[in-house]
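Peer 1: Need the 3D shape of this:
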Amino acid sequence: MASEGDSHAYTLDIPDSAEGTRLDKFLAESLPEFSRTQIQRLIDEGQVELSFSLSRGKPTARYRVRSGERIHLAVPPPKPTDLSPEDIPLDIMYEDDSLVVVNKPPGMVVHPAPGHDRGTLVNALLHHCQSLSGIGGEERPGIVHRLDKDTSGLLLVAKHDRSHRHLSGQLRDRTLSRRYLALVQGRLPAERGTIDAPIGRHPQHRQKMAVADANGRDARTHYQVLETWGVLSLLQLSLETGRTHQIRVHLAHISRPVIGDPVYGTKAVSLPRHPAVERWLRTFPRQALHACELQFEHPETGETMTFSAPMPNDLAELIARIRQALSV
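Peer 2: Got it, this is the predicted structure:
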């Protein structure tokens, strides 16, 4: 794969292992700086060409790629965004000319979406940053990876396209490291382990993800048990892959859902001897999940950058209460 400087052109050769993969899926997996929706839009706009003698006309997103083909992807200059900058306080852990590391609070949406067109992290970054990444065809802050609305913690933002491509490459190559803390229901089968189960769209509920052997993408989550209190466990988790809702889906899959998860969780565990703890768990307003550590190579200097973010007050207070009530 080659990227041709500031022209925003990419050339990719199809390996044998990708034979028969949908064009939009192959491009989205090969170029993680683009969402699948952005890739589909670029294909529809005629920005994708195939140099293979058997290809006829303009390819569609559903086209199945063939080993030996070469794909040319051109990305037009970014269009000005119509999003409004907003003066929203940000907890900036680090910033330079290439990137920003933000400690996102729980309850903040990262990207504007229907019903959330204001008050998002992107709105705040548009106000804060003087230069923005244009990866994806629209002028916008370069969100390298995402966090769910109710997940707190560290998030990496690229200020310009060169930085975005470099950091996204680390994400693709799995050299960008992320660690999380999660309070979950139940005890784990071992002090350390790996959940290895492919993740794809839920077959009935398209807004959800699920473990899907047939059409899922490979997904691996490593865990370490930090503390246990009866039927509750505090875990440290690291992502080998970065699928949507990966930690939440994987933990629910092994019947150890994240406390407070409204989508993949269950009602709070029953603790009849500790009605106060049961009440705290039942009323905790979000999934008890926090992105606590981030490590990557700086795109300009090559320096290894490591950042840690303490638990936000709501989760720290919940765990402190549980520890006091249930520790023997």
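
Peer 1: drop to CA atoms for contacts and neighbour counts, all remaining ones
Peer 2: Will do.

Peer 1: Helices of the stretch 51-200 of the chain, start to end?
Peer 2: 121-128, 161-173 (DSSP state H, counting those that start in this stretch).

Peer 1: which one of the ones you listed has the lowest average pLDDT?
Peer 2: For those, the weakest mean pLDDT is recorded on helix 161-173, namely a mean of 86.

Peer 1: ok so, going back, how about CSV for the helices of the stretch 51-200 of the chain, with distance to residue 240 added?
Peer 2: Shown next, in CSV, are these (distance: least, C-alpha to C-alpha, whole Å):
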stretch, distance to residue 240
helix 121-128, 25
helix 161-173, 10
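
Peer 1: Any idea which of these gets closest to residue 86?
Peer 2: Nearest to residue 86 among those is helix 121-128 (5.1 Å), distances taken as C-alpha to C-alpha.

Peer 1: Tell me which other helices or strands the closest one touches.
Peer 2: Contacting helix 121-128 under the criterion 3 or more C-alpha pairs under 8 Å, 6 or more residues apart in numbering; DSSP states H and E is no other helix or strand.

Peer 1: chain center to stretch 39-51, what's the gap?
Peer 2: 25 Å (C-alpha atoms, centre = their mean, to the nearest Å).

Peer 1: Just the residues contacting it, thanks.
Peer 2: Applying C-alpha atoms under 8 Å, 6 or more residues apart in numbering, the contact partners of stretch 39-51 are 24, 27-28, 58-61, 69-75.

Peer 1: farthest pair in those?
Peer 2: Top of the distance list for the contacts of stretch 39-51 (C-alpha to C-alpha): 69 and 75, 19.6 Å.

Peer 1: okay, the helices of the stretch 51-200 of the chain in JSON lines with mean neighbour count and distance to residue 311 next?
Peer 2: Output for these, formatted as JSON lines (neighbours: other C-alpha atoms under 10 Å; distance: least, C-alpha to C-alpha, whole Å):
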{"stretch": "helix 121-128", "mean neighbour count": "21", "distance to residue 311": "19"}
{"stretch": "helix 161-173", "mean neighbour count": "20", "distance to residue 311": "24"}
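
Peer 1: Quick one: closest of those to residue 16.
Peer 2: That would be helix 161-173 among these, by C-alpha to C-alpha, at 18.8 Å.

Peer 1: what's the closest one packed up against?
Peer 2: strand 152-158, strand 289-297.

Peer 1: out of the ones you listed, which comes closest to residue 120?
Peer 2: strand 152-158 (13.4 Å).

Peer 1: What residues of that closest one count as buried?
Peer 2: 152-158 (16 or more other C-alpha atoms under 10 Å).

Peer 1: okay, among those residues, which ones form the most distant pair?
Peer 2: The distance between the two most remote of the buried residues of strand 152-158 (C-alpha to C-alpha) is 19.1 Å, for 152 and 158.

Peer 1: Name all residues that make contact with residue 303.
Peer 2: residue 297.

Peer 1: give me the number of residues near residue 208?
Peer 2: For residue 208, the neighbour count with other C-alpha atoms under 10 Å is 15.

Peer 1: okay but it is in contact with residue 199, surely?
Peer 2: No: using C-alpha atoms under 8 Å, residue 208 is not in contact with residue 199, being 10.5 Å away.

Peer 1: Would you format the helices and strands packed on helix 161-173 as JSON lines with mean pLDDT included?
Peer 2: Below are the helices and strands packed on helix 161-173 laid out as JSON lines (pLDDT from 0 to 100):
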{"stretch": "strand 152-158", "mean pLDDT": "96"}
{"stretch": "strand 289-297", "mean pLDDT": "98"}
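
Peer 1: In a markdown table: these, plus distance to residue 324.
Peer 2: Formatted as a markdown table, these follow (distance: least, C-alpha to C-alpha, whole Å):
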| stretch | distance to residue 324 |
| --- | --- |
| strand 152-158 | 24 |
| strand 289-297 | 20 |
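
Peer 1: closest to residue 221 out of these?
Peer 2: strand 289-297 (13.8 Å).

Peer 1: picking up where we left off before, list only buried entries from the contacts of stretch 39-51.
Peer 2: Here, 16+ other C-alpha under 10 Å leaves 24, 27-28, 59, 61, 69-75 buried among the contacts of stretch 39-51.

Peer 1: in the sheet, who's paired with the closest residue to residue 236 other than its chain neighbours?
Peer 2: Take residue 236 and drop its neighbours on the chain: the residue closest to it by C-alpha to C-alpha, 6 or more residues apart in numbering is residue 181, 4.7 Å away. As for beta bridges, residue 181 partners with residue 236, residue 290 under DSSP bridges.

Peer 1: ok, now which ones touch residue 181?
Peer 2: Counting by C-alpha under 8 Å, 6+ apart, residue 181 has contacts 234-237, 289-292.
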